[in-house]
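Q: based on what follows, work out the 3D shape:
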Amino acid sequence: MKNKLIASADPDRLETWARYSNGLCRDCRATCCTLPVEVRIDDLIRLEVVDPFERDEPLRNIARRLSKAGIVEHFNQKHGIFTLTRLANGDCLYLDRQTRLCTVYAKRPDTCRNHPRVGPRPGYCAYQQKIVERR
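A: Below is the predicted model of the structure:
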């Protein structure tokens, strides 16, 4: 079977995204993990950065605490949506810089679990092939 060549996507230009297919993630450099990750309180509880008993606290108080801890970079109070912090290079704070794998995969937020079925361009992803280092 012949491998199909897929051009690298620009995460900011949806028209460059590749149609998602099974196995595409295997050799991708986790470009989706550079997109903003919006989460809700249930995601934060699953990530174990919020205790279940805190669910009844005002969300803005939780947002303030998680912002100080460097976990949340933005909170939309009207919709109760938190945006996870991204590092200076744009990576999600839970993405391992060397392996390009999620360090909280089993506990990952619903946004990540449902990508690319939902997102900026459903059914497509910002595929960029991993760079293979030669030794």
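Q: which ones are touching the residue nearest the centre of the chain?
A: Residue closest to the average C-alpha location in the chain (Cα atoms, centre = their mean): residue 33, at 4.1 Å. Contact analysis of residue 33 by Cβ atoms under 8 Å, 6 or more residues apart in numbering lists 91-92, 94-95, 100, 102, 112. C-beta: built from backbone N, CA, C; applies to glycine.
Q: give the buried subset of the residues you listed as a PyMOL selection command.
A: Buried subset of the contacts of residue 33, written as a PyMOL selection, criterion 16 or more other Cβ atoms under 10 Å:
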select buried, resi 92+94+95+102+112
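Q: closest one to residue 129 out of the contacts of residue 33, please.
A: residue 100 (11.2 Å; Cβ to Cβ).
Q: residues contacting the closest residue to that closest one other than its chain neighbours?
A: Closest residue in space to residue 100, ignoring its immediate chain neighbours: residue 30 at 4.4 Å, by Cβ to Cβ, 6 or more residues apart in numbering. Taking Cβ under 8 Å, 6+ apart as the criterion, residue 30 is in contact with 91, 95, 100-102.
Q: how near is residue 30 to residue 58?
A: In this structure, residue 30 and residue 58 are 34 Å apart, going by Cβ to Cβ, to the nearest Å.
Q: scratch that, residue 124
A: 37 Å.
Q: ok, back up a step: can I get the contacts of residue 33 in TSV with pLDDT, secondary structure and distance to residue 15?
A: Conversion of the contacts of residue 33 to TSV gives the following (pLDDT from 0 to 100; DSSP: H, G, I helix; E, B strand; the rest coil; distance: Cβ to Cβ, whole Å):
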residue	pLDDT	secondary structure	distance to residue 15
91	96	coil	23
92	97	strand	24
94	97	coil	28
95	97	strand	25
100	92	coil	24
102	96	strand	27
112	95	helix	23
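Q: would you point out the most distant pair within the contacts of residue 33?
A: Using Cβ to Cβ, the two most remote members of the contacts of residue 33 are 100 and 112, lying 14.0 Å apart.
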